[in-house]
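1. model this:
(one chain, ligands or ions: 1)
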Amino acid sequence: MLLVEQLSKQFGDMTAVDAVSLVIPKGQMVGVIGRSGAGKSTLLRMINRLTDPSQGAIVYESQNVTALRGRELRLWRASCAMIFQQFNLIERMDVLTNVMVGRIARTGFLRSMTRSFTEEDRVRAIEALDRLDLVPQALQRAGTLSGGQQQRVAIAKALVQNPRIMLADEPIASLDPANATRVMDALREINRADGLTVLVNLHTLDTARAYCDRIIAMRAGQVRFDGAPEALTSEKVREIYGTGELAADFNEAVTSTSISSGSHHQKIKAVGT
Ligand SMILES: Nc1ncnc2c1ncn2[C@@H]1O[C@H](COP(=O)(O)OP(=O)(O)OP(=O)(O)O)[C@@H](O)[C@H]1O
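-> Reported below is the predicted structural model:
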């Protein structure tokens, strides 16, 4: 179980995350939604300890994650694999090597620099690629793959870390609908088959509804809704988001999704349906 207790993050005068408390049972798939700037990325980054909280605590199975330093902190980051919108792969390296780099998240930077991979690293990486239907691309340079394939490589790389939690920060925001669906399907399959806890930041409510057991809606750093997708009615969405453009987007039919990421805003059809 992952506990987030009164977690806050200040950037100067700005409160990005404001006293958020959550209890996340093992194996749950949780969608975190909200407008741009609501604090979704900062929350995920604090859980992974890429960003240090200003106040509050993160506790995982009785371990105080907030207090971890050095090797223990590195191990936590490896247990808590993170996937980003921009994939974070080494584009000039082949897919297999990119995935094997995930294997050494636990053992340190030096082995990664010298690229001294073991036979087991190789086997595990190929198994993960097979799971994501990417064996044919194993020896291709990562930068030559489509965005959706690159994101699936990033998932394979995260998987070989043997994570206990998978954090995905807007993993489909730069993908077309077909690739977005494949990436969300992969996350869902891993969640179901491995019982891995997944926290995924999404811009779109209907994607969260289609894939997640639970939805957390944030606004101005605070949790404004936390519950089952069915409980997030149109009325509730209006109450949380007001009556602006985004609320209209959220109220669209299940067959239509609008993705907005930073400055761009595009309409796509049928993600996750
Ligand atoms: N390193 C930083 N320094 C200063 N302000 C920051 C920093 N990181 C985030 N912020 C601010 O904190 C607030 C929350 O940002 P965050 O990225 O967590 O939101 P978000 O909901 O993930 O948004 P988006 O969907 O656009 O990624 C925003 O106002 C943002 O500008």
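
2. Enumerate every residue touching the residue in the stretch 51-200 of the chain that the ligand sits nearest to.
-> Nearest to the ligand, among the residues of the stretch 51-200 of the chain, is residue 170, at 6.3 Å (C-beta to the nearest ligand atom). (C-beta placed from N, C-alpha, C; glycine too.) Counting by C-beta atoms under 8 Å, 6 or more residues apart in numbering, residue 170 touches 40-41, 84-85, 201-203, 261.

3. could you redo the last one with a cut-off of 7 Å?
-> Residue 170 makes contact with 85, 201-203, 261 under the criterion C-beta atoms under 7 Å, 6 or more residues apart in numbering.

4. What of residue 160?
-> The contact partners of residue 160, taken as C-beta under 7 Å, 6+ apart, are 99, 102-103, 124-125, 128.

5. if we go to 10 Å?
-> By C-beta atoms under 10 Å, 6 or more residues apart in numbering, the residues touching residue 160 are 81, 99-105, 121, 123-129.

6. Likewise for residue 227?
-> 214-217, 236.

7. Which residues are in contact with residue 183?
-> Taking C-beta under 10 Å, 6+ apart, one finds 83, 132, 147-152, 154-155, 168, 171-172, 175, 200 in contact with residue 183.

8. tell me the centre residue of the chain?
-> residue 168 (0.7 Å; C-alpha atoms, centre = their mean).

9. what's the helix or strand for that residue?
-> strand 165-169 (DSSP states H and E).

10. Wait, the residue nearest to the centre of the chain touches residue 188, no?
-> No: counting by C-beta atoms under 10 Å, residue 168 does not reach residue 188; the two are 11.2 Å apart.

11. Mutual contacts of the two, please.
-> With C-beta under 10 Å, 6+ apart, residue 168 and residue 188 have common neighbours 198, 200.

12. how near is the residue lying closest to residue 15 once chain neighbours are set aside to the ligand?
-> Nearest residue to residue 15, sequence neighbours excluded (C-beta to C-beta, 6 or more residues apart in numbering): residue 221, at 5.1 Å. Distance from residue 221 to the ligand, counting by C-beta to the nearest ligand atom, to the nearest Å: 7 Å.

13. Just the buried positions in the helix of greatest length in the chain, please.
-> The longest helix of the chain (DSSP state H) is helix 177-194. Buried residues in helix 177-194, defined by neighbour count with 16 or more other C-beta atoms under 10 Å: 177, 179-184, 186-188, 190-191, 194.

14. go on, stretch 81-90?
-> In stretch 81-90, counting by 16+ other C-beta under 10 Å, buried: 81-85, 87, 89.

15. wait, does that stretch contact the ligand?
-> No: Stretch 81-90 stays clear of the ligand (C-beta under 6 Å from any ligand atom), getting no nearer than 8.1 Å.

16. Quote the end-to-end distance of that stretch.
-> This stretch, stretch 81-90, spans 17 Å end to end (C-alpha to C-alpha, to the nearest Å).

17. average pLDDT across that stretch?
-> When pLDDT is averaged along stretch 81-90, the result is 92.

18. how distant is that stretch from the center of its chain?
-> Offset of stretch 81-90 from its chain centre (C-alpha atoms, centre = their mean, to the nearest Å): 9 Å.

19. Please apply the same query to stretch 225-237.
-> Counting by C-alpha atoms, centre = their mean, stretch 225-237 is centred 21 Å from the centre of its parent chain.
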